[in-house]
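Novice: fold the following, please.
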Amino acid sequence: MSAPRTAADAAAVPVPVGAPGMVRRRTFGPPGLRSRMIAVFIRIFVRTVIVVWSRVPHLPWPYRLLDDLAALLPPLPGVARRRVRLAHCGAEYSTPRTVADPDGAILYIHGGAFILGGIRTHRRLVSRLVRESHMTALAVDYRRAPRYSVAEALSDCVDGYRWLLDLGYAPDRIAIVGDSAGGYFAFHVAARVSELGLGTPGAVVGQSPLVDVGDDRPLTPGSADPLFTPDAVSAMLRVTRRAEIRSRRRVGKTNNALPPVGSAHQLVLAGFPPALIQVGSGEILHHDAELMANALAEAGVDVELEVWEGQFHVFQAAADLVPEGRRAIENIAGFLHTALGIEEKAKW
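Specialist: Residues are numbered from 1 along each chain as shown. Down below sits the predicted model:
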């Protein structure tokens, strides 16, 4: 079902399409009452937990608890799901019940600071994408820090792409979509599969993507971000670097250690597929979204950047509650239809 038109529609800024070296920008806002209320809740409760974690990230935190609790959420109707097994992790394959032969597939990579989240935390978001786009989706339950390295997680995501190829989807019928740390992986997977000779995917989408993981990352004040503080981002990067060291020690004896993974904007981006990036205006990761969009444009890639005024981190996951989340998912579906050349089917 399409979301009602809001003030966000009036704020859309038309820009030239496909101009190399230019970021096509659209702005949406201001946030509605529900979105503002959720942002307050996040700032008071969730941010407080993250602040405590950032001070003692070395403690044995119950990282899987969030995904376990998410199992209590009811599934969205109209989507069939089945679990599949990749080489080193599980995954979940979702298909729209209303389409006999979907034209394309989404490789979905969840966020969670490389540490949290899973198939269940993002199941309703993935299901909405499936229903709206009428495409199938494979959500990868990749290995996570602090036990596993970012490189191992990236390898799992590439395995998910291979699985879709084996299912019969051509590379240009596969879109790679991710949020937060999953957005980071989305850009890296697109680059890695090209390096491996597995073709170029049809599109890449990053929702509030993490991009810059360098030591010189600017730690701008995060007062406008209801979720993350600069210290939390720094702690996350420290945890992943320690996981990288442990991983290399664990697998080094077999010469199977994977190379470390760097910042996404430093990838070889020439020849990348069309890209869409969505981000909230006050997020700490707004810097990352701008950085990635500009890097893609400079490489001649067709890139669109949507900046949503006042929205919290990965607000699309709250589409059950906020119309802006539903509208953003509609935008992703429309972008995928255009990028992959898929005929838009009847809406719910």
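Novice: whichever helix or strand residue 176 is part of pairs with which strands, parallel or anti?
Specialist: Under the criterion of DSSP states H and E, residue 176 resides in strand 174-179. Here strand 174-179 is paired, per DSSP bridges, with strand 105-109 (parallel), strand 203-207 (parallel).
Novice: from the chain's centre, how far out does it sit?
Specialist: 7 Å (CA atoms, centre = their mean, to the nearest Å).
Novice: cool, stretch 304-313 as well?
Specialist: Counting by CA atoms, centre = their mean, stretch 304-313 comes out at 14 Å from the chain centroid.
Novice: and what of stretch 232-249?
Specialist: Put simply, stretch 232-249 sits 20 Å off its chain's centre (CA atoms, centre = their mean).
Novice: got it, and stretch 90-105?
Specialist: For stretch 90-105, the distance to the chain centre is 19 Å (CA atoms, centre = their mean).
Novice: again with stretch 201-215
Specialist: Counting by CA atoms, centre = their mean, stretch 201-215 comes out at 7 Å from the chain centroid.
Novice: now that stretch: average pLDDT?
Specialist: The average pLDDT within stretch 201-215 is 96.
Novice: in that stretch, what counts as buried?
Specialist: For stretch 201-215, burial by neighbour count (16 or more other CB atoms under 10 Å) applies to 201-213. For the C-beta atoms, the positions are set from N, CA and C on the backbone; glycine is no exception.
Novice: quick one, strands of the chain?
Specialist: Using DSSP state E, the strands of the chain run over residues 24-28, 79-85, 90-96, 105-109, 136-141, 174-179, 203-207, 275-280, 303-308.
Novice: tilt between the second one and strand 90-96?
Specialist: I take that to be strand 79-85. 160 degrees (axes from the mean of the first three to the mean of the last three CA atoms, to 10 degrees).
Novice: show me which positions of strand 79-85 end up buried.
Specialist: Quick answer for strand 79-85 (16+ other CB under 10 Å): 79, 81.
Novice: with only the CA atoms kept, save it in PDB.
Specialist: C-alpha atoms of strand 79-85 as PDB (Å, rounded to 0.1, in the frame of the first residue of the first chain):
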ATOM      1  CA  VAL A  79       5.900 -12.900   1.900                       C
ATOM      2  CA  ALA A  80       7.100 -16.500   2.000                       C
ATOM      3  CA  ARG A  81      10.300 -17.200   3.800                       C
ATOM      4  CA  ARG A  82      12.700 -20.100   4.000                       C
ATOM      5  CA  ARG A  83      16.100 -20.600   5.700                       C
ATOM      6  CA  VAL A  84      19.100 -21.500   3.600                       C
ATOM      7  CA  ARG A  85      22.700 -22.300   4.400                       C
END
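Novice: so residue 146 sits right up against residue 241, yeah?
Specialist: No. Look at residue 146 against residue 241 with CB atoms under 8 Å: they stay out of range, at 10.3 Å.
Novice: shared neighbours, these two?
Specialist: Residues touching both residue 146 and residue 241 (CB atoms under 8 Å, 6 or more residues apart in numbering): none.
Novice: give me the neighbour count for the nearest residue to residue 224 once chain neighbours are set aside.
Specialist: Once flanking residues are discounted, residue 224 sits nearest to residue 282: 3.2 Å by CB to CB, 6 or more residues apart in numbering. A count of nearby residues for residue 282, using other CB atoms under 10 Å, gives 19.
Novice: tell me the contacts of residue 310?
Specialist: 29, 30, 31, 35, 36, 39, 280, 281, 282.
Novice: also residue 149?
Specialist: With contacts defined as CB under 8 Å, 6+ apart, residue 149 is in contact with 240, 243, 244, 246, 247, 248, 258, 260.
Novice: tell me the least confident of those?
Specialist: When the contacts of residue 149 are sorted by pLDDT, the bottom entry is residue 258 at 68.
Novice: quick revisit: okay if I get the buried residues of stretch 201-215 as a markdown table plus distance to residue 227?
Specialist: Shown next, in a markdown table, are these (distance: CB to CB, whole Å):
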| residue | distance to residue 227 |
| --- | --- |
| 201 | 29 |
| 202 | 31 |
| 203 | 27 |
| 204 | 24 |
| 205 | 20 |
| 206 | 17 |
| 207 | 14 |
| 208 | 10 |
| 209 | 15 |
| 210 | 13 |
| 211 | 17 |
| 212 | 17 |
| 213 | 18 |
